[in-house]
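Enquirer: How does the following fold in three dimensions:
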Amino acid sequence: GEKKEVLLQWRPSQNTGPEDDGEYVVIQDGYNCGLVSDKVKLPPPPAIPEVNDNVFEPPLFGVTVLGSSHGFDPSGKTSGYVVWLSKRGYMVDPP
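Expert: From the prediction side, this is the model:
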């Protein structure tokens with residue numbers, strides 16, 4: 001195949017708006033084939049979620065159920081418990 005010379009040339013933008021800094025001109029075989037602005041627009045940054053100040057306070061005494069099924073149920077989670085004594089959790093038969 002025949003090699004074609006392609007040039008990329010920067011020039012100041014022809015537009016006079018505040019957002020226009022310059023542009024790249026694509027030149028192939030002496031012809032202007034296209035223009036690409038050198039201005040990059042980035043999307044706004046994602047919103048930072050608020051920090052939740054609610055800290056888990058373990059109970060003095062209680063039971064937390066972890067799954068409510070059994071080992072013979074193929075679609076359910078097996079059962080397990082956390083027993084809370086003096087704000088300390090003890091796992092009983094963990095899933």
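
Enquirer: buried stuff in the helix or strand containing Glu23?
Expert: Applying DSSP states H and E as the criterion places Glu23 in strand 22-28. Across strand 22-28, burial judged by 16 or more other Cβ atoms under 10 Å covers Glu23. Quick note: C-beta positions are derived from backbone N, CA and C, even for glycine.

Enquirer: Which neighbouring elements make contact with it?
Expert: Using 3 or more Cβ pairs under 8 Å, 6 or more residues apart in numbering; DSSP states H and E as the contact test, the elements touching strand 22-28 are strand 6-12, strand 31-37.

Enquirer: Save the ones you listed as CSV, and put in mean pLDDT, mean neighbour count and distance to Tyr90 too.
Expert: Converted to CSV, those look like this (pLDDT from 0 to 100; neighbours: other Cβ atoms under 10 Å; distance: least, Cβ to Cβ, whole Å):
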stretch, mean pLDDT, mean neighbour count, distance to Tyr90
strand 6-12, 84, 10, 68
strand 31-37, 85, 11, 64
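
Enquirer: need those strands in a markdown table with distance to Pro44, can you?
Expert: Shown next, in a markdown table, are these (distance: least, Cβ to Cβ, whole Å):
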| stretch | distance to Pro44 |
| --- | --- |
| strand 6-12 | 28 |
| strand 31-37 | 19 |
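
Enquirer: and the strand holding Glu23 with strand 31-37, angle?
Expert: Direction vectors for strand 22-28 and strand 31-37, defined by axes from the mean of the first three to the mean of the last three Cα atoms, to 10 degrees, enclose an angle of 150 degrees.

Enquirer: got the angle between strand 22-28 and strand 6-12?
Expert: Computed by the same axes, to 10 degrees, the angle between strand 22-28 and strand 6-12 is 150 degrees.

Enquirer: Partner strands of strand 22-28, with direction?
Expert: If you go by DSSP bridges, strand 22-28 pairs up with strand 6-12 (antiparallel), strand 31-37 (antiparallel).

Enquirer: among those, which is nearest Glu23?
Expert: strand 31-37 (5.1 Å; Cβ to Cβ).

Enquirer: The chain: strands as residue ranges?
Expert: In chain order, the chain shows strands spanning 6-12, 22-28, 31-37, 61-65, 81-85, 88-92, with DSSP state E as the criterion.
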